[in-house]
Each structure stands twice: as structure tokens, then as C-alpha cells.
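In: The sequence isn't on hand, but the structure is:
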């Protein structure tokens, strides 16, 4: 077989068609990968929102330990002063 003439319009058309098919396959693969990335991003966003809600619920339900410690300290000081003044 002989090599076709590179300047032949039919050869150019065939090569352009092959190139077009390769580009379509590559774009389809890239589109699929982008769709997968978007899906994973959406899942991550939903999971992050769920964790935010759970964290907010935990923060609302926790005991205010710093406030309790401060009130206990104030009560101890008041009780100590009262005992000293009662003697």
C-alpha cells in the first residue's frame, strides 16, 4: 500500500473526522469527571451542613461550666466573708 497524499482533500477530511472523534471522546470523559467532582462537592456540602447543625445543637445543650465556676467562686468568697464577719 502506498501512503496517501497529505494534501489530498479526502485524506484531510478523514484525518479531521478522526480528530473530531478523539476530541468528542476526550470531552465526554472530561465532562463525566467534572460531573463526578460536582456530585462529590454537593455531598461534602451536605455533610458539612449536617455537621454544623449537630455542632450547634451540642453547643446549645452543653453546660456553661465557666459561668458555674465563676458563681461558685463568688459564693465561696461571700460565704468566707460572712463567716469572718460573724466571729
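Out: Noted; the coordinates are in hand. All figures in this text were calculated on a predicted structure; none of them were measured in a lab.
In: going forward, measure contacts between C-alpha atoms and count neighbours the same way
Out: Will do.
In: in this structure, which spans are helices?
Out: 9-61, 65-86 (DSSP state H).
In: just so I know, which of the ones you listed lies nearest residue 3?
Out: Nearest to residue 3 among these is helix 9-61 (10.3 Å), distances taken as CA to CA.
In: what's the average pLDDT for the closest one?
Out: Averaging pLDDT along helix 9-61 gives 95.
In: re the thing from before, dump the helices of the chain into JSON lines; add distance to residue 3 as well.
Out: Shown next, in JSON lines, are the helices of the chain (distance: least, CA to CA, whole Å):
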{"stretch": "helix 9-61", "distance to residue 3": "10"}
{"stretch": "helix 65-86", "distance to residue 3": "86"}
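In: Using JSON lines, please lay out the ones you listed together with mean neighbour count.
Out: Shown next, in JSON lines, are the helices of the chain (neighbours: other CA atoms under 10 Å):
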{"stretch": "helix 9-61", "mean neighbour count": "12"}
{"stretch": "helix 65-86", "mean neighbour count": "11"}
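In: quick one: residue 57 from residue 21, how far?
Out: Applying CA to CA, to the nearest Å, the value for residue 57 to residue 21 is 54 Å.
In: Then residue 74?
Out: For residue 74, the distance to residue 21 - CA to CA - is 80 Å.
In: And residue 75, by the same measure?
Out: Taking CA to CA, one finds residue 75 at 82 Å from residue 21.
In: again with residue 60
Out: Applying CA to CA, the value for residue 60 to residue 21 is 59 Å.
In: cool, and residue 84?
Out: As judged by CA to CA, residue 84 and residue 21 stand 95 Å apart.
In: same question, residue 51
Out: For residue 51, the distance to residue 21 - CA to CA - is 45 Å.
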